[in-house]
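> Give me a model of this one.
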Amino acid sequence: MLDQDRVGDWLLQKYPECHGVRTDRALYDYVQELKQTYLRSGEALSKVAFDSKLHVVQNALGTHTTVSRVQGHKLKAKREIRIASLFKEAPAPFLSMITVHELAHLRERNHDKAFYQLCTHMEPHYHQLEFEVRLYLTHLEAKGVKLWAPNAL
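Predicted coordinates:
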């Protein structure tokens, strides 16, 4: 498919529209809604943001961090999720996949069986979406064209 230059057309046919989550605040609300639905007892998130500094193809699509600091006699921990800004211009299922992945890290630190079971509980098509995101990233690396960018069509 990649050699025949059909990946972009196939993805656009399958996912014709981009989601409407454009700001960090909208992303925070989106993540909180998913968290309330599936991980009510999970740790609170102090920050959720799109991050333009994440190296999408080489490094990571999203990150989850815990920042600990001493406050009086207690140790305070803040949890953050950062999503690659590439996902600002992507279909809703792609955003769902990466969000579910990062949320699953609130419960499961490692990429093991329990982690992926949690991902598929939150997003039943998680593995297919992960494959399609990787396919899109391969297309992006090979062609350099963002399919859902406002000026792409």
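> For this structure, which segments count as strands?
45-51, 62-71, 74-84 (DSSP state E).
> partners of the shortest one in the sheet?
Going back to what we said before, that points to strand 45-51. Each strand paired with strand 45-51, and its direction, by DSSP bridges: strand 74-84 (parallel).
> what comes up buried for the partner strand?
Residues of strand 74-84 classed as buried: 79-84 (neighbour count, 16 or more other CB atoms under 10 Å). Every C-beta, even on glycine, is put in place using the N, C-alpha and C of the backbone.
> Restrict it to CA atoms and write it as PDB.
C-alpha atoms of strand 74-84 as PDB (Å, rounded to 0.1, in the frame of the first residue of the first chain):
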ATOM      1  CA  LYS A  74       4.300  15.400  53.000                       C
ATOM      2  CA  LEU A  75       5.300  14.500  49.500                       C
ATOM      3  CA  LYS A  76       2.900  15.800  46.900                       C
ATOM      4  CA  ALA A  77       2.700  14.200  43.500                       C
ATOM      5  CA  LYS A  78       1.300  15.800  40.400                       C
ATOM      6  CA  ARG A  79       0.300  13.700  37.300                       C
ATOM      7  CA  GLU A  80       0.600  15.100  33.800                       C
ATOM      8  CA  ILE A  81      -0.300  13.800  30.400                       C
ATOM      9  CA  ARG A  82       1.100  15.300  27.300                       C
ATOM     10  CA  ILE A  83      -0.100  14.400  23.800                       C
ATOM     11  CA  ALA A  84       1.900  15.100  20.600                       C
END
